[in-house]
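Participant: have a look; sequence and predicted model below, questions after that.
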Amino acid sequence: MRLLIIEDDRDAADYLVKAFREVGHVADAAHDGEDGLAMALDGQYDVLIVDRMLPKRDGLSLIGTLRGKGIETPALILSALGQVDDRVKGLRAGGDDYLPKPYAFSELLARIEVLARRRGARHEETVLHVGDLVLDRLSHEVRRGNEEISLQPREFRLLEYLMQHAGQVVTRTMLLESVWDYHFDPQTNVIDVHISRLRSKIDKGFSQPLLHTIRGAGYMIRDGAR
Amino acid sequence: MTALGKLFRTTTFKLTLVYLTVFAMFAAFLLGYFALNTRRLIDEQITDTVNAEITGLSEQYSQGGIRRLVIAVDARARRPGSSLYLVTTFTGEALAGNVTALQPGIIDKPGWAQTVYRRLDESEVREHVEHQALVRVFQLPGGFRLLVGRDLDERERLYHIVLAAGRWSIAIVIVLGLAGGLFVTRRVLRRVDAMTETTRTIMGGDLGGRLPVAGTGDELDRLAENLNVMLERIEALMRGLKEVSDNIAHDLKTPLTRLRNRCEQALRTSSSETEYRAALEATIGESDNLIATFNALLMIARAESGQARGDMKEFDAAEIAHDVCELYEPLAEEKGIALKVEADTAAPVNGNRELVSQALANLVDNAIKYAEPVDKAVNGVAPEIVVRALSEGDHILLTVADSGPGIPESDRARAVERFVRLEQSRSQPGSGLGLSLASAVARLHGGELTLEDNHPGLKSIIALPRGGPLQNAG
């Protein structure tokens, strides 16, 4: 994956470039809005990581200009302003995701990977498969092998989201945002309990677990056999 | 700016000038009108008298001829007064009367005229004293002419008296007006100066200062009172801000110190990679807590400052109660707690859905956190948490009732106060700002958070003003 990091704090940008290279991505950095815009205009990148407050041209106007020129490269906005209305402003300006600072690298990575594959067809599929687990989005039926699994509506949406992003790390915050539409951190980690309950329904009694905990990052559903 | 210049520049003084001009013009108009009317009245009086005399004299003439007329005119002309008489032949030769030096040609034209004249009994030395008279010339049968008139001195004198009165009164109006204006202006200026002085000290940092109120209830007093209320509010906000920064300092410095100590200790004592790794992981965990605290503080500050008022929408509090319980239900079940919801079908609230959800989530979180473990529960009955969304009067009450240890009554009021953390809560995980946030959110919506005894346990109530009727989501 080719990433462009537009961030004026050179330390932070260098850290991100190194960290992304370590996990096997190609990352470039730009340190102000104009450079960032020029580089992004190439359209050679898979995902842009844009700091909101940049010298010369701010992040929102940069994304707006790109969208105006028809460049739809997914963009994630990084910002110290983390309130709900700032987030809404960022997304309205053409950003695809919004991550308030300070963030965990694992959170950023998970979101970047989701963004990069967003244009894949998974969202349109009506039946999702992971190994022998099948989720039908129309009939709301879930089966594993021949066994029908009955899920609560929220559990169904949780599983649906995980399966849409099968093979990708999904963080707790992403789940809270997408499945519950909450943008705050509950003090206790309630998501873990929901996951373990879901896990007991889809993995219990099967030799091959599908729902995995990724330490320090979040969760991933994947076919372990592959 | 000189004191006088300042005086002239005030609104009051300018107003005074405007009024002064208006009043002066009014006085001038009034006196002018009076003068003109008086003049006309005198003219009318003269006309009437002259007409009557001419009628009388021409009767004398028709009864006794020119001789009788001359006798009558002579008799009348000798009387002192302002009446003027002259009888002439058709060539203009005077037969009787008391005037001479008329404007030439006056006697040839019958009718009314204004003319200069001189009385016969006046010496010619005072020639340049010109008298004005209003006269009527009457053509008598037989070619004689009769002139009867009145001196106009009286009229002119009256006219001049009125004019003088006008000038004086205008002068007095101006002098009095200016003096009054200056007096009022200076009084107002003194009060405004006092206000300005107070504002300066307030701007200088003394937020306790208040504008002087004279107690007269006038517009300056009303202004001062309103400004004082505003100052009160500003002072409260500043106090709040100071409190917030003090608390931020406390809430963030303590964990930062802990973080630093842990790093130092790791550097000093760790020898293996495993130990370093463990120390680093603990550091990350600690900084995550810091971030959570920071976010909570920002959220509270945001709710406190009323910034979040922008995204107020109507939502159903019952729905929120269900959603939040659904989020926490697995956690409660894991701890052996029964989490129940009792909600009215529609509990409309106008507000920030996200913040209210978070406030309620914090209360439920607290209730679960502090619930007694199952084995210690009363009579072996599983602990229970009931979340209610009920409408009561014009309020919607979101309550979370638990059967945990509760909060002693003496601490309850304090626990709700902004940023107060009871000592026991500091040892618990989480930012410990849950109640503060819930309270700030309630206040943002014009409601309040209260804590009550649940016998046993704690009952937290968020009272929110009831919103309008729920619109059908389209």
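Facilitator: Received it, and whenever you're ready, just let me know what you need.
Participant: the strands in chain B, which residues?
Facilitator: Taking DSSP state E, the strands of chain B run over residues B:83-88, B:94-97, B:99-100, B:111-119, B:131-139, B:145-151, B:313-316, B:338-343, B:348-351, B:384-392, B:395-401, B:448-453, B:458-465.
Participant: in chain A, what spans have low per-residue confidence?
Facilitator: Across chain A, the ranges flagged by pLDDT under 70 are A:43, A:82-84, A:119-124, A:187, A:224-226.
Participant: domain boundaries for it, per the record?
Facilitator: The record, using automatic domain parsing to delimit domains, assigns chain A the ranges A:2-116, A:122-221.
Participant: any idea how far residue B:9 is from the residue of the stretch 51-200 of chain B found nearest chain A?
Facilitator: The stretch 51-200 of chain B approaches chain A most closely through residue B:199 (34.3 Å), counting by CB to the nearest CB. For the C-beta atoms, the positions are set from N, CA and C on the backbone; glycine is no exception. As for residue B:199, its distance to residue B:9 is 19 Å (criterion: CB to CB, to the nearest Å).
Participant: one more: residue B:106?
Facilitator: Distance, residue B:106 to residue B:9, using CB to CB: 62 Å.
Participant: in the sheet, who's paired with the closest residue to residue A:127 other than its chain neighbours?
Facilitator: Distances taken as CB to CB, 6 or more residues apart in numbering or on different chains place residue A:136 nearest to residue A:127, at 5.2 Å, with adjacent residues excluded. Here residue A:136 shows beta-bridge partners residue A:127, residue A:141, assigned using DSSP bridges.
Participant: hang on, residue A:136 packs against residue A:126?
Facilitator: Yes - in this structure, residue A:136 sits in contact with residue A:126. The criterion is CB atoms under 8 Å, and the distance is 6.8 Å.
Participant: can you give me the strands for chain A?
Facilitator: Under the criterion DSSP E, chain A contains strands at A:2-6, A:26-30, A:47-51, A:75-79, A:97-100, A:127-130, A:133-136, A:141-144, A:147-149, A:170-171, A:211-214, A:218-221.
Participant: wait, which of those is closest to residue B:186?
Facilitator: Distances from residue B:186 to each of these were compared using CB to CB; the minimum, 57.4 Å, belongs to strand A:75-79.
Participant: does any bit of that closest one sit next to chain B?
Facilitator: No - contact between strand A:75-79 and chain B, assessed by CB under 8 Å from any CB of the partner chain, is absent, since the two come no nearer than 13.0 Å.
Participant: give the partner strands of that strand in its sheet and their orientations.
Facilitator: Sheet partners assigned to strand A:75-79 using DSSP bridges are listed as strand A:47-51 (parallel), strand A:97-100 (parallel).
Participant: the inter-axis angle of the longest one versus strand A:26-30?
Facilitator: This means strand A:47-51. Counting by axes from the mean of the first three to the mean of the last three CA atoms, to 10 degrees, strand A:47-51 lies at 30 degrees to strand A:26-30.
Participant: buried sites along strand A:47-51?
Facilitator: Neighbour counts using 16 or more other CB atoms under 10 Å in any protein chain shown place A:47, A:48, A:49, A:50, A:51 of strand A:47-51 among the buried residues.
Participant: which one of those residues is nearest chain B?
Facilitator: Distance to chain B across the buried residues of strand A:47-51 (CB to the nearest CB) is lowest for residue A:51, with 17.9 Å.
Participant: distance of the residue of chain A most remote from its centre relative to chain B?
Facilitator: In chain A, residue A:146 marks the outermost C-alpha relative to the chain mean, sitting 31.4 Å out by CA atoms, centre = their mean. Residue A:146 sits 27 Å away from chain B, going by CB to the nearest CB, to the nearest Å.
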